[in-house]
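J.: Sharing a sequence plus its predicted fold:
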Amino acid sequence: MRKQLIHPLMLAILTLFVQATHASEASNMVHEKVLKNGLKILVKEDHRAPVVVSQVWYKVGSSYEYDGITGVSHILEHMMFQGTENLAPGEFSKIIAANGGRENAFTGTDYTAYFQTMESSRVEVSMRLEAERMHRLKLDEEEFSKERQVVMEERRMRTEDVPQSQTYEYFQAAAYIASPYKNPIIGWMQDLESMTVEDLAAWYKRWYAPNNATLVVVGDVQAAEVFKLAEKYFGDIPSVDFKAVKKRQQIPQLGIKRSVIKQTAKLPYLLMGYKVPVLNSVSDDKEIYALEMLSGVLSGGSSARLNAELVRNQQVAASISAGFNLHSRLPALFMFDGVPTEKNTVEDLEKAIAEQIQLLKDKLVSVQELERIKAQVIAASVYEKDSNFYQAMQLGQLETVGLGWQKEAEYVGKLKAVTAQQIQQVAKKYFIDDHLTVVVMEPIVSKETNQNGVK
């Protein structure tokens with residue numbers, strides 16, 4: 001009987017992982033506290049450098065919005081920097097900069113988050129300012145009017161003037177019927193145009209409260225001191241009575257959906273998406289981690305199948321990627337997107353992708369390939385711990401979408417347990433036409449440009 005050998009890369013990464021785990025076991029501990037008003041605080045001490053990352057996550061994003069106010073979460077994010085009862089417009093950012101820090105914010109489908117990176121002794125500055133705008137935001141009509149124009153211009157530049165971005169927006173709208181993921185995070189232009197400051201005030205009052213937020217602090221701090229500061233600045237902010245949020249689930253798809261989007265562009269663009277479950281939508285997570293591992297097989301770096309076969313070998317794709325977000329609040333899409341080379345059509349690219357999918361269904365992933373992908377996953381997990389910001393991101397996202405921050409510790413072990421048979425099973429189960437939406441961006445020649453691309 002032949003003895004099975006461990007791949008050298010896998011052995012090296014496993015050794016690194018074990019060493020890193022033992023060396024930093026204490027620093028990897030997450031300390032949790034919930035204030036009387038419902039604010040959850042997560043602290044992860046990391047004393048390797050005198051730096052701290054502080055993030056406030058609110059459980060609200062574009063998937064909470066309804067028709068007529070799409071984009072309200074994102075505009076409110078902008079307005080959070082434009083003044084409170086005690087801070088003038090822009091003063092928040094000036095104070096952070098004066099203390100040597102950097103700050104920003106982002107809005108997603110399932111959350112809105114605000115963050116600062118500072119020298120660790122300045123963490124109190126961050127907390128004082130975040131508490132101020134959690135409870136005392138000033139929504140000035142003139143500032144709102146300016147920020148709304150900023151967001152509308154952002155939409156023009158990032159979506160309407162970028163053919164692939166606009167195609168992706170149409171793809172989401174085509175793939176989903178009932179799911180709120182059909183709406184863009186930045187909002188539809190007509191909703192932005194009709195947005196009022198009263199819409200923002202109602203949204204702020206409804207969602208921006210301590211019992212709908214998580215404070216995540218990672219870095220060179222003591223958990224007890226962070227809890228003390230949090231109580232000082234956030235403890236007196238009143239909680240809000242929340243009604244249960246109805247999950248607007250996607251209705252079952254009854255067949256393949258296809259659309260063609262015409263855009264002024266040089267090359268076509270292909271988007272394909274299969275509806276798949278996520279951790280939040282299942283009781284048994286084995287299939288979800290199998291899909292995550294399948295994503296690594298197809299698109300986990302330059303040596304993965306799509307790049308190796310379609311880009312370098314067949315040269316049918318100029319670029320290609322695949323994957324899905326297992327941490328979504330609602331069921332999501334396992335997506336493929338790619339651009340064919342000039343000598344190939346988008347039909348050629350779709351056929352080549354379909355062949356790779358069929359190969360996953362017909363033949364088990366080899367032991368060597370599976371070991372390589374797992375080694376890459378473990379390596380990435382180890383090296384991500386070098387970033388305080390990324391550690392905080394993981395905790396904040398998991399907590400905010402309802403999975404719980406504890407899920408972060410399970411990720412590597414769950415993926416290591418995935419088998420080739422499980423990968424084959426999820427490919428057969430979910431990569432079927434009844435779950436598929438295909439959108440093709442078809443290039444057209446603009447009025448200012450002739451067939452040779454000459455104006």
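T.: Arrived safely, thanks for sending. Residues are numbered from 1 along each chain as shown.

J.: Need the three-state assignment for the nearest residue to Glu350 once chain neighbours are set aside.
T.: Closest residue in space to Glu350, ignoring its immediate chain neighbours: Leu270 at 5.9 Å, by Cβ to Cβ, 6 or more residues apart in numbering. All C-beta atoms are positioned from the backbone trio N, CA, C, and that covers glycine. Three-state call for Leu270 (DSSP: H, G, I helix; E, B strand; the rest coil): strand.

J.: Can you name the next helix or strand after the helix or strand of the chain with the lowest mean pLDDT?
T.: The helix or strand of the chain with the lowest confidence, counting by mean pLDDT, DSSP states H and E, is helix 8-23 at a mean of 43. Once the chain leaves helix 8-23, the next helix or strand it forms, by DSSP states H and E, is strand 30-34.

J.: any idea of the angle whichever helix or strand comes after that following strand forms with strand 30-34?
T.: Following strand 30-34 in sequence order, the next helix or strand is strand 40-45 (DSSP H and E). Orientation of strand 40-45 against strand 30-34 (axes from the mean of the first three to the mean of the last three Cα atoms, to 10 degrees) gives an angle of 160 degrees.

J.: starting at the chain centroid, how far to strand 40-45?
T.: Chain-centre distance of strand 40-45: 21 Å, with Cα atoms, centre = their mean, to the nearest Å.

J.: hmm, who's touching that strand?
T.: With contact meaning Cβ atoms under 8 Å, 6 or more residues apart in numbering, strand 40-45 is reached by 26-35, 213-223, 226-227, 230, 391-392, 395-396, 399, 405.

J.: of these, buried ones?
T.: Buried by 16 or more other Cβ atoms under 10 Å: 28, 30, 33, 35, 213-221, 223, 226-227, 230, 391-392, 395-396, 399, 405, out of the contacts of strand 40-45.

J.: So which of those are in strands?
T.: Within the buried ones among the contacts of strand 40-45, residues falling in strands by DSSP state E are Val30, Lys33, Ala213, Thr214, Leu215, Val216, Val217, Val218, Gly219.

J.: Could you dump those residues into CSV with distance to Pro443 and pLDDT added?
T.: Listed next are those as CSV, based on distance: Cβ to Cβ, whole Å; pLDDT from 0 to 100:
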residue, distance to Pro443, pLDDT
Val30, 49, 96
Lys33, 55, 98
Ala213, 45, 98
Thr214, 44, 98
Leu215, 48, 98
Val216, 44, 98
Val217, 48, 98
Val218, 45, 98
Gly219, 48, 97
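
J.: What ranges in the chain fall below the confidence cut-off?
T.: Across the chain, the ranges flagged by pLDDT under 70 are 1-28, 446-455.

J.: Kindly report the domain assignment for it.
T.: Domain ranges of the chain: 29-234, 257-444, per automatic domain parsing.

J.: Switch those over to TSV, and while doing so, append distance to Val240 to every line.
T.: Shown next, in TSV, are the domains of the chain (distance: least, Cβ to Cβ, whole Å):
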stretch	distance to Val240
domain 29-234	4
domain 257-444	16
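
J.: one step back: what would the ones in strands among the buried ones among the contacts of strand 40-45 look like in CSV with distance to Ala420?
T.: Shown next, in CSV, are those (distance: Cβ to Cβ, whole Å):
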residue, distance to Ala420
Val30, 33
Lys33, 43
Ala213, 42
Thr214, 37
Leu215, 42
Val216, 36
Val217, 41
Val218, 36
Gly219, 40
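
J.: Those residues: which two are farthest apart?
T.: Across those, no pair lies farther apart than Ala213 and Gly219, at 19.3 Å, counting by Cβ to Cβ.

J.: just checking, Thr341 touches Gln315?
T.: Yes - here Thr341 reaches Gln315: they are 5.9 Å apart, a contact under Cβ atoms under 8 Å.

J.: neighbour-wise, which of the two wins?
T.: The residue with more neighbours, out of Thr341 and Gln315, is Thr341; 17 against 13, by other Cβ atoms under 10 Å.

J.: List the contacts of the closest residue in space to the more buried one that isn't next to it in sequence.
T.: Among residues not flanking Thr341 along the chain, Ala318 sits closest, at 4.9 Å (Cβ to Cβ, 6+ apart). Listed by Cβ under 8 Å, 6+ apart, the contact set of Ala318 reads Leu267, Val311, Gly338, Val339, Pro340, Thr341, Glu342.

J.: Swap in 7 Å and give it another go.
T.: By Cβ atoms under 7 Å, 6 or more residues apart in numbering, the contact list for Ala318 reads Val339, Pro340, Thr341.

J.: now the first one, what's its secondary structure?
T.: Translated: Val339. Under three-state DSSP, Val339 falls in the strand class.

J.: beta partners of it?
T.: Applying DSSP bridges to Val339 yields these beta-bridge partners: Ser319.

J.: what's around it, how many residues?
T.: When neighbours are counted by other Cβ under 10 Å, Val339 registers 20.

J.: my guess is it contacts Leu271, does it?
T.: No - using Cβ atoms under 7 Å, Val339 is not in contact with Leu271; the gap is 10.7 Å.

J.: which residues make contact with the host helix or strand of Val438 from outside it?
T.: If you go by DSSP H and E, Val438 is part of strand 436-444. Under the contact criterion Cβ under 7 Å, 6+ apart, strand 436-444 has outside partners 163-164, 167, 170-171, 174-175, 256-274, 346, 350.

J.: List the neighbouring strands of it plus their orientation.
T.: Applying DSSP bridges, strand 436-444 is found paired with strand 257-264 (parallel), strand 269-276 (antiparallel).

J.: deepest of those strands, which one?
T.: Across the strands paired with strand 436-444, the average number of neighbours (mean count of other Cβ atoms under 10 Å) peaks for strand 269-276, which reaches a mean of 23.

J.: May I have that one exported as PDB, CA atoms only?
T.: Extracted in PDB, the C-alpha atoms of strand 269-276 (Å, rounded to 0.1, in the frame of the first residue of the first chain):
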ATOM      1  CA  TYR A 269     -18.100  41.500 -20.800                       C
ATOM      2  CA  LEU A 270     -19.800  38.400 -19.300                       C
ATOM      3  CA  LEU A 271     -21.500  38.000 -16.000                       C
ATOM      4  CA  MET A 272     -22.900  34.600 -14.800                       C
ATOM      5  CA  GLY A 273     -24.400  34.000 -11.400                       C
ATOM      6  CA  TYR A 274     -25.800  30.900  -9.700                       C
ATOM      7  CA  LYS A 275     -28.100  31.300  -6.700                       C
ATOM      8  CA  VAL A 276     -26.500  29.600  -3.700                       C
END
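
J.: Packing partners of whichever helix or strand comes after it?
T.: Next in sequence after strand 269-276, counting helices and strands by DSSP H and E, comes helix 286-299. Other helices and strands packing on helix 286-299, by 3 or more Cβ pairs under 7 Å, 6 or more residues apart in numbering; DSSP states H and E, are strand 317-323, helix 367-384, helix 411-416, helix 420-430.

J.: mind running it again at 8 Å?
T.: On a contact count with 3 or more Cβ pairs under 8 Å, 6 or more residues apart in numbering; DSSP states H and E, helix 286-299 meets helix 305, strand 317-323, helix 346-362, helix 367-384, helix 411-416, helix 420-430.
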